[in-house]
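K.L.:
no FASTA, just this:
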């Protein structure tokens, strides 16, 4: 164990921040960290937008229905980006790239690159005592976020990341046990995964019934079933295709 | 600055490892770190496979054409996984989930979750003096990797991650400057990105011409253009669809 692993294991999402911007020196370190991670084939296929304009923050808070998207120390939006890799090409070269850029392979490359960058930023921030929350709900209206940030073709907004000095200290929420998430050599048969999930369901039901506020009877499987039965962001496919990704 | 940020900024991919397995205690910490990160809507939509069977490692080394995929301290494969979220559902419920699972939204969710997990593992490992390399080239033959690891429907292999005690100390390769990767409020016009890319091209050409071994004349834009003009892993789209992702 060391302080880095301690930081990682103590992660919890922070959703209430002091009214204080991130110190410029810390922000510089976080951006430095965000741009020094691994990248697929040297592509660096991501972009980071710092949203500082209050009117854009307000719109994003409305889209995500999360007030802390407006009230925080800093707000990033991470994007999958294949634009920068192709803008120096001639029109003829660009034409030859088309099928390749539209392959799902490159949607994966850019999504992985953007997330490596974001998670570097997260750990750097947390190591400085700054709290964070990923904001997947910018995809509630992904086309509008795209327009607000004026993203060109071959760039899509993936998620926001809010940062700030924590103004609450939530408990760490239980996670699935390692043996349900990690296997040796081959994937387990589902029947061999059930016991871990059933045990986790029981643990989570105990957690929900006993926690200080908002206690209820619920478990993970039921949550997942409810969630997946309810269609979510069904426009993302069309949007992603409209930006030149995953057509092929 | 602190030791965590120092670890992150000193990242370099390691491709030559001592013939020594990762200590069990360290491996446990790395897995702990890999399973404690943020996750979209509590889905934990990823799985980690430790590949220990020499015959599978050999096959993966052949697919990736990288000898260090066979010779290392430990090998993980990270997967996007929507199977675990849906296996407790009844057949009727599963039927109602179908469109939702097939939406590109959930391919993004699972890819992001898997990458957050992997990057936590990476930083935990590097903080322990262990070197790493992401192995995107398992997607050179993604169907075969899928069969080798016996992944069920709704699970796809995204990338490998090799870990081990470094047996070389490569230079840190230059990365695009922050001002080419990070913007304020809206994406820059391409004409305003060109100067940073041109400066980076020059920096990289100097780096390639002056480095100790394998020196050559080349730059980033030319590399990207060559790379994107050459069709890469064009079967990934069909494979991903065959596993129940991104059809809708």
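P.N.:
Structure received. Model, not experiment: these values are computed from the prediction.
K.L.:
tell me the angle the lengthiest helix in chain A makes with helix B:104-127.
P.N.:
Determined from DSSP state H, the single longest helix within chain A is helix A:104-127. Orientation check (axes from the mean of the first three to the mean of the last three CA atoms, to 10 degrees): helix A:104-127 against helix B:104-127 gives 50 degrees.
K.L.:
Within the sheet, what are the partner strands of the helix or strand just after helix A:104-127, with directions?
P.N.:
Using DSSP states H and E, the helix or strand that follows helix A:104-127 towards the C-terminus is strand A:131-135. According to DSSP bridges, strand A:131-135 has the following sheet partners: strand A:155-164 (antiparallel).
K.L.:
does any bit of the helix or strand that the partner strand is followed by sit next to chain B?
P.N.:
For strand A:155-164, the following helix or strand on the C-terminal side (DSSP H and E) is helix A:178-181. Yes - judged by CB under 8 Å from any CB of the partner chain, helix A:178-181 comes into contact with chain B at A:178, A:180, A:181. For the C-beta atoms, the positions are set from N, CA and C on the backbone; glycine is no exception.
K.L.:
Tabulate those residues (JSON lines), appending pLDDT.
P.N.:
Output for the residues of helix A:178-181 next to chain B, formatted as JSON lines (pLDDT from 0 to 100):
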{"residue": "A:178", "pLDDT": "97"}
{"residue": "A:180", "pLDDT": "96"}
{"residue": "A:181", "pLDDT": "98"}
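K.L.:
buried subset of those residues?
P.N.:
When the residues of helix A:178-181 next to chain B are checked for burial by 16 or more other CB atoms under 10 Å in any protein chain shown, the buried set is A:180, A:181.
K.L.:
Turn the residues of helix A:178-181 next to chain B into a markdown table, columns for distance to residue B:20.
P.N.:
Shown next, in a markdown table, are those (distance: CB to CB, whole Å):
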| residue | distance to residue B:20 |
| --- | --- |
| A:178 | 23 |
| A:180 | 29 |
| A:181 | 26 |
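K.L.:
So which of the residues of helix A:178-181 next to chain B is the closest to residue B:78?
P.N.:
Minimum distance to residue B:78 across the residues of helix A:178-181 next to chain B is 10.5 Å, recorded for residue A:181 (CB to CB).
K.L.:
my guess is the closest one meets residue B:49, correct?
P.N.:
No - with contact defined as CB atoms under 8 Å, residue A:181 does not reach residue B:49; the gap is 10.2 Å.
K.L.:
So which residue of chain A lies furthest out from the middle?
P.N.:
residue A:92 (35.2 Å; CA atoms, centre = their mean).
K.L.:
Then that one would be within a helix, right?
P.N.:
Yes - assigned with DSSP: H, G, I helix; E, B strand; the rest coil, residue A:92 falls within a helix.
K.L.:
Distance of it relative to residue A:223?
P.N.:
Using CB to CB, to the nearest Å, residue A:92 is found at 51 Å from residue A:223.
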